[in-house]
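S.K.: Curious how this folds, go ahead:
(one chain, ligands or ions: 1)
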Amino acid sequence: MLELKNISKRFGDQVVLDNLDVTIEDQKTLAIVGPSGAGKTTLLRIIAGLTPADSGSFTYNGQATSAAELRKQGVIGVVFQGFELFPNLSVLKNITLAPTLQGVGAAAAEKHARSLMDQLDLEAQANAYPYSLSGGQKQRVAIARALALDPKILLYDEPTSALDPNLRQSVADLIASVKQQGMTQVVVTHDMEFAKMVADATLTVAKQGSESNEA
Ligand SMILES: Nc1ncnc2c1ncn2[C@@H]1O[C@H](COP(=O)(O)OP(=O)(O)OP(=O)(O)O)[C@@H](O)[C@H]1O
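M.R.: Coordinates of the predicted model:
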């Protein structure tokens, strides 16, 4: 379980997050919802160690830690809103690059990538380049790439917003299948219906710093 307590963040004079508590339970899916500009992406970036909080504490499995430490340990994986694939690399290389840079052998990285591609229905795209993929395929590559680093917690920023609305159900199915394999997931979305489809618990981030955490 990852617990964040009293997280605050301001940009200049603007308070974006004000003493927010977040509880991320193992093997559950937490939806972070709220209106545009409320600070959902900022919170996701703080959890991922990509943006520092101004104050607040992190506890992971009962031990005090920090976002930077969790990042160093590879606890958190992120699927970005725009997918952020490397345009000059094939699907296979997009998935194997980071593990290889972290010292995983080429053969082991490829084996893991192929099993993720199999699981995410991407086998036929192994040698394709991102420009030739559909939005749904790009998203599955982004998920495979994050999973290739064996995170304990996978964060998604607005996973439906760059896709055709008809794909909403398939994204929900994908999150459910990743969950079945034991992954803890956090989904930032402005789409309440989608949050209901995927979430075990919902955290509402309100504008002006107030918030509530409901089961
Ligand atoms: N790096 C930054 N510098 C200054 N202000 C920022 C920065 N990042 C975010 N903000 C501001 O913080 C507020 C919250 O932004 P954030 O992107 O976290 O909201 P959000 O809830 O994810 O919104 P949306 O649903 O529109 O993506 C906004 O007013 C935004 O302009």
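
S.K.: tally of neighbours for V78?
M.R.: Neighbours of V78 under the rule other CB atoms under 10 Å: 23. C-beta coordinates here come from the backbone N, C-alpha and C atoms, glycine included.

S.K.: so what's it up against?
M.R.: 44, 48, 50, 146, 154-157 (CB atoms under 8 Å, 6 or more residues apart in numbering).

S.K.: what's the answer for F58, then?
M.R.: Neighbours of F58 in contact, by CB under 8 Å, 6+ apart: 2-4, 64-67, 69-70.

S.K.: for those, which one is nearest S177?
M.R.: Proximity of the contacts of F58 to S177 (CB to CB) peaks at L2, which lies at 22.0 Å.

S.K.: Grab the nearest non-local neighbour of S36.
M.R.: Distances taken as CB to CB, 6 or more residues apart in numbering put H190 closest to S36, at 6.2 Å, once the chain neighbours are dropped.

S.K.: Pretty sure the one you found sits against I32.
M.R.: No: in terms of CB atoms under 8 Å, H190 does not count as a neighbour of I32; the distance is 10.0 Å.

S.K.: between these two, who's got more neighbours?
M.R.: Between H190 and I32, I32 has the larger neighbour count (other CB under 10 Å), namely 29 against 17.

S.K.: Relative to the ligand, how far out is A124?
M.R.: Going from A124 to the ligand by CB to the nearest ligand atom, to the nearest Å gives 33 Å.

S.K.: what residues does the chain put near the ligand?
M.R.: 11, 16, 34, 36-42, 190 (CB under 6 Å from any ligand atom).

S.K.: any chance of those in JSON lines, with secondary structure and pLDDT too?
M.R.: Formatted as JSON lines, these follow (DSSP: H, G, I helix; E, B strand; the rest coil; pLDDT from 0 to 100):
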{"residue": "F11", "secondary structure": "strand", "pLDDT": "94"}
{"residue": "V16", "secondary structure": "strand", "pLDDT": "94"}
{"residue": "G34", "secondary structure": "coil", "pLDDT": "92"}
{"residue": "S36", "secondary structure": "coil", "pLDDT": "88"}
{"residue": "G37", "secondary structure": "coil", "pLDDT": "89"}
{"residue": "A38", "secondary structure": "coil", "pLDDT": "91"}
{"residue": "G39", "secondary structure": "coil", "pLDDT": "93"}
{"residue": "K40", "secondary structure": "helix", "pLDDT": "94"}
{"residue": "T41", "secondary structure": "helix", "pLDDT": "94"}
{"residue": "T42", "secondary structure": "helix", "pLDDT": "95"}
{"residue": "H190", "secondary structure": "coil", "pLDDT": "90"}
